[in-house]
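A.B. asks: Turn this into a structure:
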Amino acid sequence: MEVYTSEPGLQFYDGSYLKAAHPGLDGRPHFSHAGLCLEPGRFPDGPNHPNFPSPVLRAGEVYLPADDRVTLRQHRLMCPGNSAGQ
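C.D. replies: Numbers count the residues shown, from 1 in each chain. Got it, this is the predicted structure:
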């Protein structure tokens, strides 16, 4: 997978907080750690680090990232013993 963004940070969520199965779009249950989410953005702890870009948006300011698109491209993984990569 490749992620292209103009944002300086990338938040990773793994669903570890899920305590019970939740149905996905296909109706099958999704359990803790069953997937991931990658969210480009600023660093949430930025206000505590002067060398980080500020995540603060003041009243009246408009946030327009230089490039507001994120492109995700899926790649097939080649696994040992599986020449088809499936």
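A.B. asks: Now Gly46, what are its backbone angles?
C.D. replies: Main-chain torsions, Gly46, degrees, to the nearest 10: phi -50, psi -40.
A.B. asks: hang on, isn't it packed against Leu57?
C.D. replies: No - counting by C-beta atoms under 8 Å, Gly46 does not reach Leu57; the two are 11.5 Å apart. (C-beta placed from N, C-alpha, C; glycine too.)
A.B. asks: Give me the more crowded residue out of those two.
C.D. replies: Neighbour count, other C-beta atoms under 10 Å: between Gly46 and Leu57, Gly46 has more, with 16 against 10.
A.B. asks: wait, what's in contact with that one?
C.D. replies: 52-56 (C-beta atoms under 8 Å, 6 or more residues apart in numbering).
A.B. asks: Strands of this protein, start to end?
C.D. replies: 2-4, 9-13, 22-23, 29-30, 37-41, 71-73 (DSSP state E).
A.B. asks: Please produce TSV containing the ones you listed, extended by distance to Tyr63 and mean neighbour count.
C.D. replies: TSV is the format used below for the strands of the chain (distance: least, C-beta to C-beta, whole Å; neighbours: other C-beta atoms under 10 Å):
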stretch	distance to Tyr63	mean neighbour count
strand 2-4	19	11
strand 9-13	14	12
strand 22-23	31	10
strand 29-30	31	12
strand 37-41	10	13
strand 71-73	20	9
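A.B. asks: Mean pLDDT added to those, as a markdown table?
C.D. replies: Formatted as a markdown table, those follow (pLDDT from 0 to 100):
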| stretch | mean pLDDT |
| --- | --- |
| strand 2-4 | 74 |
| strand 9-13 | 86 |
| strand 22-23 | 78 |
| strand 29-30 | 80 |
| strand 37-41 | 82 |
| strand 71-73 | 61 |
